[in-house]
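**Q** next comes the sequence, and after it the predicted model I'd like to discuss.
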Amino acid sequence: MILLYPPVKIAVIGATGIVGREVLNLLEKRHFPMETLHCFASLSSKGKSILFSGKNIPLETLSEDKLHGIDLAIFCTKKEVSSKWIPYLARQKTIVIDNSSAFRLDPDVPLIIPEINLKMLAKHNYVIASPNCSASIMLMALFPLHQYIPIQRIQAATYQAVSGAGFHAMQELTSATQAVLEKKPHTPKEFPFPSAFNLFLHNSALNADGYVDEELKMLQETRKILSNPHIQVNATCVRVPVLRAHSQALNVTFTQEICPKKAYELLEKAPGVKVYEERSKNRFPMPIDAAGQDDVYCGRIRKDLSCANTLDLWVVGDQILKGAALNTVQIAEHLLK
């Protein structure tokens, strides 16, 4: 496997975005061994800096000469930026971890969740993809069960926080909520519809079959991560007026019966997963519990009364952390020699 030899020369592309900032925070918090750090952002950040480990790191704009000699590039950008720059970096033998959807379904690019398919990392040829946040959160909770009895089908309903669309989306929810409470007009800019006191279909592209991209990512990426092209995933993804952490109602059919008690046992032992509930108080995982936490929270596991070999689960996870930045940094840590 192509490895990183510390100390590492790192570039974070998209450093000022919500995922990029969290990546920087985790690199510092987890003491990632680095020799140099370059932070790249859009032209609007030119001349500005970002704080890292008590130092102001100048924000740079992307160019080939500035990327020369980088050991590890972490992309926290839209797929268009990744598609343009990652092939160049791979040709110069820079290891790249990409948070966008640009290369996730490329058969030559491993799509990695370290707790699930770390062995696939050895197959990378300088480019590694980190999965969609909703798929990552879902599979963290389901993989321990899938290892015990294989999954046939997943029916998912997601309740997705606005921070999945970035800082400005969070600001819009806050200002929109205030406007509604003060009975003032508010026009949404980050979303197609009002986010305060409202729900709407996930704001990714809608295809001819009536599915949005986010829903199809959950199907396609699940199949790739689990190396199972036959597993069925049907998702409905909705934006909700929550600042941070996605929630999911999962209805999962297995090849054989699995009882809730066994499911709890498996999940309580699973790395990166936290069973969190107080049944006597009707309290189960909430976004305010999981926001800012590394673990994916799960609970309310029960048998489906209408379908054999099927369980219902409630899952909540911080989509900025395990759904993006944390997963990325964990991949980088596994690349260290």
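**A** Okay, I see it. Residues are numbered from 1 along each chain as shown.
**Q** now the residue nearest to C259 when sequence neighbours are not counted: phi and psi?
**A** Nearest in space to C259, with sequence neighbours left out and distances taken as Cβ to Cβ, 6 or more residues apart in numbering, is K303 at 7.4 Å. (Each C-beta comes from the backbone N, C-alpha and C, glycine too.) The phi/psi pair for K303 (degrees, to the nearest 10) reads phi -70, psi 140.
**Q** how about Y126?
**A** Main-chain dihedrals, Y126, degrees, to the nearest 10: phi 80, psi -20.
**Q** if I look at it, how far off is A291?
**A** Counting by Cβ to Cβ, to the nearest Å, the separation of Y126 from A291 is 34 Å.
**Q** quick one: S134 is in a helix?
**A** Yes: judged by DSSP: H, G, I helix; E, B strand; the rest coil, S134 forms part of a helix.
**Q** isn't it right next to Y159, touching?
**A** No: checked against Cβ atoms under 8 Å, the pair S134 and Y159 is beyond contact range at 10.2 Å.
**Q** more neighbours: which of these two?
**A** Neighbour totals were compared for S134 and Y159, and S134 leads with 26 against 19 (other Cβ atoms under 10 Å).
**Q** check contacts around the more buried one.
**A** Contacts were defined as Cβ atoms under 8 Å, 6 or more residues apart in numbering; by that measure S134 touches 156, 158, 160, 214, 217-218, 235, 237, 246, 248, 319, 323.
**Q** restricted to strands, list these.
**A** 156, 158, 160, 235, 237, 246, 248 (DSSP state E).
**Q** after the helix or strand hosting I10, heading C-terminal, what element do we hit next?
**A** Element membership for I10, per DSSP states H and E: strand 8-13. Once the chain leaves strand 8-13, the next helix or strand it forms, by DSSP H and E, is helix 18-29.
**Q** just checking, what packs against that next one?
**A** strand 8-13, strand 34-40, strand 49-52, helix 326-335 (3 or more Cβ pairs under 8 Å, 6 or more residues apart in numbering; DSSP states H and E).
**Q** who wins for proximity to D209 among the ones you listed?
**A** helix 326-335 (29.0 Å; Cβ to Cβ).
**Q** how about the closest one: buried residues?
**A** 326-332, 334-335 (16 or more other Cβ atoms under 10 Å).
**Q** and if you look at stretch 258-274?
**A** By neighbour count on 16+ other Cβ under 10 Å, the buried set for stretch 258-274 is 258, 263, 266-267, 270, 272-274.
**Q** now swap in stretch 222-229 and tell me
**A** 222-226.
**Q** average pLDDT across that stretch?
**A** Throughout stretch 222-229, pLDDT has a mean value of 99.
**Q** work out the gap between it and the centre of the chain.
**A** In terms of Cα atoms, centre = their mean, to the nearest Å, the gap separating the centre of stretch 222-229 from the centre of its chain is 17 Å.
**Q** contacts for that stretch?
**A** Counting by Cβ under 8 Å, 6+ apart, 104-105, 111, 113, 116-117, 131, 135, 138-139, 143, 146, 150-151, 154, 230-231, 233 sit against stretch 222-229.
**Q** ok, of these, which come out buried?
**A** Among the contacts of stretch 222-229, those buried by neighbour count (16+ other Cβ under 10 Å) are 104, 111, 113, 116-117, 131, 135, 138-139, 143, 146, 151, 154, 231, 233.
**Q** looking at the residues you listed, spot the one nearest K79.
**A** K79 lies nearest to R104 out of those, by Cβ to Cβ, at 9.2 Å.
**Q** please identify the helix or strand for that closest one.
**A** Going by DSSP H and E, R104 is not in any helix or strand.
**Q** correct me if wrong: it contacts P131.
**A** Yes: contact criterion Cβ under 8 Å: R104 and P131 qualify, at 6.6 Å.
**Q** any shared contact partners between the two?
**A** Joint contacts of R104 and P131 (Cβ under 8 Å, 6+ apart) are 111, 221.
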